[in-house]
Structure formats: C-alpha cells, structure tokens
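>>> Structure here, sequence nowhere to be found:
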C-alpha cells in the first residue's frame, strides 16, 4: 500500500480557490481503481494550510493515478502554494488496527508483572 501526503500553505487570496479545487477532486480520486482513501484536512496550526492524503492499493494503481487528469489538477493546486509543499509517499507493508494496541498493552502489563515478581 502507498500513502501520499502533501502539506500545502496558501496565501489568503488563493486559499479558498485551492480548497475548492481539492474538495471537488475528492470524489473523482476516490472513484479511481485502487484508491483506498482520499482526505483533505485543514491544518489546525496553520491558518491557510491544507493536507491532501491518498492511499493506494499498490504501485500500479498509484502509477495510473499519477498520469491521470485528477493528479494534474492536484499538481496545479500545488503551484498556488505560498511555500514549497511538503510531499511524502510512504510504502506501507502492513496495517494493524486496535488489536495491535491491545497486544502491546498486554505485553507491557506482563513485563510490569515480571518486574514486580508477581
């Protein structure tokens, strides 16, 4: 699975336009084959900041997306950014849910019991 994250900060004059274009792209990108998720997040610590997130089932689906019209529009929005966007692509080999948290908490409790000799 691949996860793309773009953090962008805009000038006040271009923020609304950038946000509207990205909001309009959520549905079309989600509809692309291999797209597992797409989100647009407003940054809490930056007034005119947005984070665009995509998750792809694999490299072939992500490659198809990169040459499509939606990604070209996303790249055009990046050009509106006031500073160079932060751009990350993570290659994730597995994903766990709350079961991992429970498993780790059980291990911590077991280690604590061993440390106390109980």
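Yep, it's here. Bear in mind that the values here come from a model prediction, so they are computed numbers and not experimental data. Numbers count the residues shown, from 1 in each chain.
>>> Pretty sure residue 28 sits against residue 70.
Yes - counting by C-beta atoms under 8 Å, residue 28 does reach residue 70; the two are 5.2 Å apart. In this view, the C-beta of every residue, glycine as well, is placed from N, C-alpha and C.
>>> Compare these two (neighbour count), which wins?
A count of neighbours by other C-beta atoms under 10 Å puts residue 70 above the other of residue 28 and residue 70, at 21 against 14.
>>> Phi, psi for that one please.
Note on residue 70: backbone dihedrals following degrees, to the nearest 10 are phi -60, psi -40.
>>> ok, now how distant is it from residue 17?
From residue 70 across to residue 17, the span is 17 Å (C-beta to C-beta, to the nearest Å).
>>> Helices of this structure, residue ranges please.
Under the criterion DSSP state H, the chain contains helices at 12-30, 59-66, 69-78, 98-116.
>>> Minimum distance to residue 46: which of the ones you listed has it?
Of all the helices of the chain, it is helix 12-30 that lies closest to residue 46, at 10.4 Å by C-beta to C-beta.
>>> outside of the closest one, which residues touch it?
Under the contact criterion C-beta atoms under 8 Å, 6 or more residues apart in numbering, helix 12-30 has outside partners 8, 10, 35, 37-40, 42, 48, 50, 52, 54, 65, 70, 73-74, 76-77, 80-82.
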